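Participant: Next comes the sequence, and after it the predicted model I'd like to discuss.
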Amino acid sequence: MKGKALGRKVLAAVACIVTPDTILAWHRRLVALKWTYPRRGVGRPPVADEVRALIVEMARTDSRWGYTSIRDRLRNLGHLVSRRP
């Protein structure tokens, strides 16, 4: 951080072990690490275990219900799930 504030000319005069370009590259890497955030996962979030158990229970209770019927009943209860299996 201090090397960036000094500038390239002063670093060339003061730094004898490494070149000013090396020190500035370290600074760039430090700044890049500070502003790198973990990426979010792609796709729909997984269904909670309790909702999954509720889906299985609904399917076993009435075998005539299809994906759409179960999805609609879960939506009435406040759970958002996809129709796709």
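Facilitator: Cool, the structure landed.
Participant: From residue 80, how far out is the residue nearest the centre of the chain?
Facilitator: By CA atoms, centre = their mean, the mean C-alpha position of the chain lies nearest to residue 40, the distance being 1.8 Å. According to CB to CB, to the nearest Å, residue 40 and residue 80 sit 18 Å apart. No exception for glycine: its C-beta is placed from N, CA and C like everyone else's.
Participant: Can you tell me how far the residue nearest to the centre of the chain is from residue 84?
Facilitator: Relative to residue 84, residue 40 is positioned 21 Å away (CB to CB).
Participant: Who are the packing partners of the helix of greatest length in the chain?
Facilitator: If you go by DSSP state H, the chain has its longest helix at helix 20-34. Under the contact definition 3 or more CB pairs under 8 Å, 6 or more residues apart in numbering; DSSP states H and E, helix 20-34 sits against helix 2-6, helix 8-14.
Participant: And those, which one averages the lowest pLDDT?
Facilitator: Mean pLDDT is lowest for helix 2-6 among the helices and strands packed on helix 20-34, at a mean of 66.
Participant: tell me the SS of the residue nearest to the centre of the chain?
Facilitator: Secondary structure for residue 40, judged by DSSP: H, G, I helix; E, B strand; the rest coil, is coil.
Participant: same thing with residue 47?
Facilitator: coil.
Participant: can you pull the buried residues of stretch 49-65?
Facilitator: The neighbour-count check on stretch 49-65 (16 or more other CB atoms under 10 Å) flags 54, 55 as buried.
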